[in-house]
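Novice: Pasting a predicted model and its sequence here:
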There are 2 protein chains.
Amino acid sequence: MSRVRVHNFSVSLDGFGTGEGQSLEAPFGHAGQRLHEWFFPTRTFCSFHETQGDSSGSTGVDDAFASGWDRGIGAEIMGRNKFGPQRGPWVDEEWRGWWGDDPPFHTPVFVLTHYPRPSIEMKDGTTFHFIDASPAEAVKVAQEAAGGLDVRIGGGPLTIREFLAADQIDYMHVAIVPLVLGRGERLWDGLEGLESRFELDSVSSPSGVIHLTLSR
Amino acid sequence: MSRVRVHNFSVSLDGFGTGEGQSLEAPFGHAGQRLHEWFFPTRTFCSFHETQGDSSGSTGVDDAFASGWDRGIGAEIMGRNKFGPQRGPWVDEEWRGWWGDDPPFHTPVFVLTHYPRPSIEMKDGTTFHFIDASPAEAVKVAQEAAGGLDVRIGGGPLTIREFLAADQIDYMHVAIVPLVLGRGERLWDGLEGLESRFELDSVSSPSGVIHLTLSR
């Protein structure tokens, strides 16, 4: 049974999944890289940048969670704001995402947008498709593309909220980062009673991050 | 050196320290008792209701945190909404708090209000005083009454936020409860960058609660 999963989604103590003021130079707005500093030292993240399999990086609690992100995943769905900083009709179709020529996904990636455009084929299995779809419709399309494997919802916060509200998510790993962002996009808004649909579990990491899982 | 401390302050995953709609029947509004269920089984809470010292209750992680609440404390400061559900000028001076004849404080308690009224002496050392004061002024008054001991800020969320914003708090224990309340009074609002003034640490309890401490 194909499941829909969220991994490595970082929020501040006050529940913001990204900061205010996204731009080309600041994908997470005023949050900068602070929500993801726990992730960078992990072996999982380090492996994104290695070509010869000579892995470095930490293999403790943080990596135990981080490493689950691509296991058994056959497709990703992401919100348009995760793909890029443009809003409204595409004025620059040259934009191919934040990740360079070889994005780490290596599966089909469905970008939710009200302005569909031609697909973009990147290296090693990553293809960006652009679809205008409800959460349930998007999951259906992605599951077909995933060939029986699981589908990952990649964010941002608004996209995850919409998929949670539509009851489309089966597993979610959230990293609560010990900082107070104050402003940005909240993860939990409009989800009163969410806990009743999941088993919740948590563990603190020596890095200061709290790993929270919601499973069903 | 007298310190100012917060203990056993529960917030939901989405950061609410109390629910919406406080009333005489619902001190925490629609949250009911859900924010405090982790606390009730502890030996610390059970001891509030025992007269003979024949203690029952759990003595694990939750009680390790819960039990610190009165150690070395000589006075409490609380917001008016923690004291009772009335707003504006006092229409019912018969109200003596939610805690019956023998509140668990056993120290002077300073209730912040724009409508001062005569003090109320309860059993075994608890006296409610009503003062109209800024956070810094209230701490000064409470420290004098505490005779060199520490001062506890008892809540609610708005009061703690004001004391944090005024940089009056030295230690804070927050219990993050795995539920999404959706509405109520937020703890962290307006406190961007708070983490820079504290060391943060956390541990998960088997009860599902995450105990977070902010120390300096």
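Specialist: Cool, the structure landed.

Novice: buried sites along the regular element (helix or strand) spanning A:V139?
Specialist: Taking DSSP states H and E as the definition, one finds A:V139 inside helix A:135-146. Along helix A:135-146, the positions that meet the burial threshold by neighbour count (16 or more other Cβ atoms under 10 Å in any protein chain shown) are A:135, A:138-139, A:141-143, A:145-146. All C-beta spots, glycine's among them, are computed from the backbone N, C-alpha and C.

Novice: and what of stretch A:13-22?
Specialist: For stretch A:13-22, the buried set under the neighbour-count rule, 16+ other Cβ under 10 Å, comprises A:13-19, A:22.

Novice: cool, stretch A:39-50 as well?
Specialist: Quick answer for stretch A:39-50 (16+ other Cβ under 10 Å): A:39, A:41-47.

Novice: Phi and psi next, for A:F163.
Specialist: Per-residue torsions, A:F163: phi -70, psi -30 (degrees, to the nearest 10).

Novice: Could you pull up the residues touching the spatially closest residue to it that is not a sequence neighbour?
Specialist: Using Cβ to Cβ, 6 or more residues apart in numbering or on different chains and skipping residues adjacent in sequence, the residue nearest A:F163 is A:P135, 4.7 Å away. Contacts were defined as Cβ atoms under 8 Å, 6 or more residues apart in numbering or on different chains; by that measure A:P135 touches A:162-163, A:165-166, A:168.

Novice: Weed out the non-buried ones from these.
Specialist: When burial is judged by neighbour count using 16+ other Cβ under 10 Å, the buried members of the contacts of A:P135 are A:162-163, A:168.

Novice: thinking again about what came up before, what about the buried residues of stretch A:39-50, which are in helices?
Specialist: Residues from these lying in helices, with DSSP state H as the criterion: A:43-47.

Novice: one step back: which member of the contacts of A:P135 is positioned nearest chain B?
Specialist: Using Cβ to the nearest Cβ, A:A165 is the member of the contacts of A:P135 that lies nearest chain B, at 11.4 Å.

Novice: got the contact list for that closest one?
Specialist: The contact partners of A:A165, by Cβ under 8 Å, 6+ apart, come to A:135, A:190-191.

Novice: And these, which is closest to chain B?
Specialist: Among the contacts of A:A165, A:L191 lies closest to chain B (Cβ to the nearest Cβ), at 5.0 Å.

Novice: which residues does the nearest residue to the closest one once chain neighbours are set aside contact?
Specialist: In space, not counting the residues next to it along the chain, A:L191 is nearest to B:V180; the distance is 5.0 Å by Cβ to Cβ, 6+ apart. Shown in contact with B:V180 (Cβ under 8 Å, 6+ apart): A:188, A:191-195, B:12-14.
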